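*Asks:* Take this sequence and fold it.
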Amino acid sequence: MPPTEPADRGLSFEDAAAALQRGDFSWLAPVFEAEPHEPSCVAQWLLEGRFNDRPAALNEALACACFLGETALAELLLDQGADLLAGQGTGLNGLHWAANRGQLKTVQMLIARGLPLEVRNMYGGTVLGGTVWSAVHEPRAGQLAVIEALLQAGADVGEAAYPSGDPAVDALLARYLAGP
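*Replies:* Residues are numbered from 1 along each chain as shown. Coordinates of the predicted model:
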């Protein structure tokens, strides 16, 4: 188990890689965040080649960057070989996490990169289905905009629980259920 929180941005790569495998994404935020005009620790490790022989850690780093809404870092990880569909050690890939957390810019970037919308998480739900569930049971800012972006991108509205129990979510889903 990691300490209560990272001491600073000096967390070792090995400790971070182990935390990625455990899905300790919130705890890892300091090594994913960058100071102005400086790379984050994760970006530095990537550029130093530390992920070269650690594809599972690279893929979990992508999922974590998406979870945290670190869109530019997620793009860099993808450009350096992270797998769009991998990084599911937590049961959700990067798109599932970004959508769950209401990270609209990250969701839009992943959609633009061609990540399939109907891939299922460990609970059997698609990105849209999981996001609707999260918007009802774990509401966060940005989730309604993410749901709309997923629907606009062609996510299967039938994968969302409707009615959901949330009036704002239901109003949005109803527009897409009604068709053109």
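
*Asks:* how about the helices of the chain, start to end?
*Replies:* For the chain, helices defined by DSSP state H occupy the ranges 13-22, 29-32, 41-47, 55-68, 71-79, 94-100, 104-112, 127-137, 143-152, 167-177.

*Asks:* now what about stretch 164-177, what contacts it?
*Replies:* 132-133, 135-136, 139, 144, 147-148, 151, 157, 160, 162-163 (C-beta atoms under 8 Å, 6 or more residues apart in numbering). C-beta: built from backbone N, CA, C; applies to glycine.

*Asks:* where in this protein is pLDDT low?
*Replies:* Judged by pLDDT under 70, the chain has its weakly predicted residues at 1-10, 180.

*Asks:* how does it divide into domains?
*Replies:* The chain is divided into the following domains under automatic domain parsing: 1-90, 95-180.

*Asks:* Arg113 and Ala72: what is the separation?
*Replies:* Separation of Arg113 from Ala72 (C-beta to C-beta, to the nearest Å): 13 Å.

*Asks:* which residues are in contact with both of these two?
*Replies:* In contact with both Arg113 and Ala72: no residue, using C-beta under 8 Å, 6+ apart.
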